[in-house]
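Enquirer: let me see the structure of the following:
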Amino acid sequence: MEAVKATAAITRIYLNAYFRAMYRNKNNRDGGGRQNAKQISMNRFKEIDADLGSRFDDLYEEEEQERNNAGGETPRYLNRNQPRPGGRNGNQQGSYEQKKNLQLVKGAAGSAMKEFVSKVKVSNGKKYGQRFILKALIGHVEDLKPIMPNFADNGDFEFFVREADVAQAIRMCSRRIKHVASGERLNITVHNVVAPWAKLKKEEKDAIVEVVDSRADRQNRALELSGFATHEAFVSRDLMMNMTKNNVFLAVVELIEAKYSDIIALSLKNNRIKYLEMASMLPYFAKNLKVLDLSDNQIESIAELEKLKGLHLTTLFLENNPVCESYSKASDYLREVQAIFPRVTRLDGNECPALPGAFDDDNEFVEPPARPGFYGDAGLRSIVETFIIEYFKSYDGDEPTASRKTLVHAYDDSNSQFTMCVENLYEEGTGKSRWPNENFAFHIRISHNIKQIDKWGKNRHSRLFHGAMDVAAQLCKMPATRHLQESFIVDVVMATSSLLVFTVQGLFEEAPFAVSPNLPQLNFFSRTFTVTPKENGSICVISDELYLSAMTYSRVERYRIQLGKANAAPTAVAAAPAAAAAAAGGAEPDAATRAAMVEAFCRDSGMLPDWSTKCLLEANWDFNVSGLREY
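Expert: Below is the predicted model of the structure:
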């Protein structure tokens, strides 16, 4: 018993001595006061690893600064929801984030040469495409400079940004950008991480600026950076500025963006470049670049060039790269390159044929050229146009229920089939378009939309109509319509001796019809007919697939603009304006009068000049009659 008491007494003595020693250390440090649990723990860890002392010293200095700012006292916050000065609930930028970033940098190996940046991640970004994502973000965020954009293994799209305000602006865009094709909103997350490159010293930055400036040809808007690391400015200072280093390549690209964004030629020859992650910013920093020299490097895969997709290159040098040795045929090599840079007409110093109608198909904002349609030959055009005119004459009759009964003769008695699909498209900025009247409920009940097969798969038989009688009966039940034949675009998809497939698309109005001066609510349709020849020289339908979609006024206007571009020649079924005027027997006014009438009609109707001219022509240049027509 006495031994136990003696042991306890000795333990108390050692503990008291230990705590008194800690208090003396604290008094020697900041002039007195007791240590809290955090400080005690720091001292214990310092005894284990002396290298931790410098980090703790920095934290002591930060806390000392906070006490000085608070009048010598460290503020205590009892309420966790209470706004804290410098915190995320306060008016100042959060010191919590600053400390977190500082800890992040200090926790990295070689922390003295590290910096923290923001990593942006777009969930399922591969589904939307890099071009769409970056174009959308650039439209919302000012001065966006994406670094190392790439797709992760799980399909997410990732890139880095340096500026904190840009990262915050990107974070605010989450769920606010909608993908046009799918209607889905982009889910964006932003995290602070240690940059995958080291910081450059001031001496290194100055040397890079000096070398790039000395290699620039401002008169010809060219930049010669071949053999970059061997420049005398680097060699004399014993600096290893290889462009294989991410930080060096990044510094060069950022310098191009800052001072040489108008260059049309860039040479990166003989730099041992293997990966082009940092060069992937060139499509945004050097948009006018036409000539690029990547010869004598270490590029092993054509996929590396995908990172430069978006550059409008006409001349490219890739010779003496391992990737060139992987092709046994020059045609295969050219095809792979032009798949990425369709405008290239000079490859490795050799002239090559340009792709017909080459355009950047990866850019979702580049509109392909519009064409008025395709028939194949004049004979097919006559057959298809005659059928379309007669078909829609019966379909849009004054008494649709009666006139559509005659369409029973247009379909094969037993082998014909009719299906219909309705889908309201998404409109950027306004959301999903809505059907203009109550007829949508009728259409959706027979809609054969395979995207929603889980809703109607069990009663599919009620959405398929077989045989001429069944099809004609269903057409008679559908709402009355007025199709705008001048908006039709016709494409013959397939033509054989026994089968003809063609598609007609355009605009139409559905009952109840608008009464002047109200504008009609136009919808879009696309109808695919599969027909076979009959004995009397006519054709009969064996398959009729109808697609309907509501349209906003802005979408209708865009369709009309596109149609105007395609109408360098008359549309497939529109009557020639001159013939219509001649049939009416009226005299056509002179050029000056026609121009004045078109201008007045544009002003009164809000239509484009091409459409105003078409309206006046079809009314034999009778201004009052053309104004009463419904379009």
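Enquirer: helices of the stretch 501-631 of the chain, start to end?
Expert: 553-566, 577-584, 591-605, 609-618, 623-628 (DSSP state H, counting those that start in this stretch).
Enquirer: lowest average pLDDT across those?
Expert: Mean pLDDT values for the helices of the stretch 501-631 of the chain show the minimum at helix 577-584, a mean of 34.
Enquirer: and the contacts of the host helix or strand of Glu385?
Expert: With elements taken from DSSP states H and E, the one containing Glu385 is helix 378-395. With contact meaning C-beta atoms under 8 Å, 6 or more residues apart in numbering, helix 378-395 is reached by 375, 403-404, 406-407, 410, 475, 481, 483, 485, 488, 490, 492, 495, 500, 502, 504, 529, 531, 539, 572-573. (C-beta placed from N, C-alpha, C; glycine too.)
Enquirer: and stretch 323-331, by the same measure?
Expert: For stretch 323-331, using C-beta under 8 Å, 6+ apart, the contacting residues are Ile299, Glu300, Ser301, Ile302, Glu304, Leu318, Tyr333, Glu336, Asp348.
Enquirer: surely the last one and Thr315 touch.
Expert: No. Asp348 sits out of contact with Thr315 when judged by C-beta atoms under 8 Å, with a separation of 9.6 Å.
Enquirer: that older thread, now list the buried members of the contacts of helix 378-395.
Expert: 375, 403-404, 407, 410, 475, 481, 483, 485, 488, 490, 492, 495, 500, 502, 504, 529, 531, 539, 572-573 (16 or more other C-beta atoms under 10 Å).
Enquirer: Ser182: neighbour count?
Expert: When neighbours are defined as other C-beta atoms under 10 Å, Ser182 has 11 of them.
Enquirer: so it sits in a helix?
Expert: No. Counting by DSSP: H, G, I helix; E, B strand; the rest coil, Ser182 is not found in a helix; it is coil.
Enquirer: ranges for the strands of the stretch 451-600 of the chain?
Expert: Ranges of strands in the stretch 451-600 of the chain, per DSSP state E, counting those that start in this stretch, are 465-466, 481-483, 489-495, 500-510, 522-533, 539-550.
Enquirer: are we agreed that Ala136 is in a strand?
Expert: No. Applying three-state DSSP, one finds Ala136 to be helix, outside a strand.
Enquirer: make residue 1 into 160 and carry on from there
Expert: All set: I'll call the first residue 160, so the last point we hit is now Ala295.
Enquirer: burial count for it?
Expert: For Ala295, the number of neighbouring residues by other C-beta under 10 Å comes to 22.
Enquirer: go on, Tyr443?
Expert: So Tyr443, with other C-beta under 10 Å, has 18 neighbours.
Enquirer: quick one: list the elements packing against the helix or strand hosting it.
Expert: Taking DSSP H and E as the definition, one finds Tyr443 inside helix 441-444. Here helix 441-444 touches helix 405-418, going by 3 or more C-beta pairs under 8 Å, 6 or more residues apart in numbering; DSSP states H and E.
Enquirer: show me the shaky parts of the stretch 410-559 of the chain.
Expert: Low-confidence segments of the stretch 410-559 of the chain (pLDDT under 70): 515-531.
Enquirer: related to what we said a few turns ago, if you count neighbours, what's buried in the helix holding Glu544?
Expert: Result for helix 537-554 [16+ other C-beta under 10 Å]: buried residues Arg540, Ile542, Val543, Glu544, Phe546, Ile547, Tyr550, Phe551, Ser553, Tyr554.
Enquirer: cool, and stretch 310-324?
Expert: Within stretch 310-324, judged by 16+ other C-beta under 10 Å, the buried ones are Asp315, Phe316, Glu317, Phe318, Phe319, Val320.
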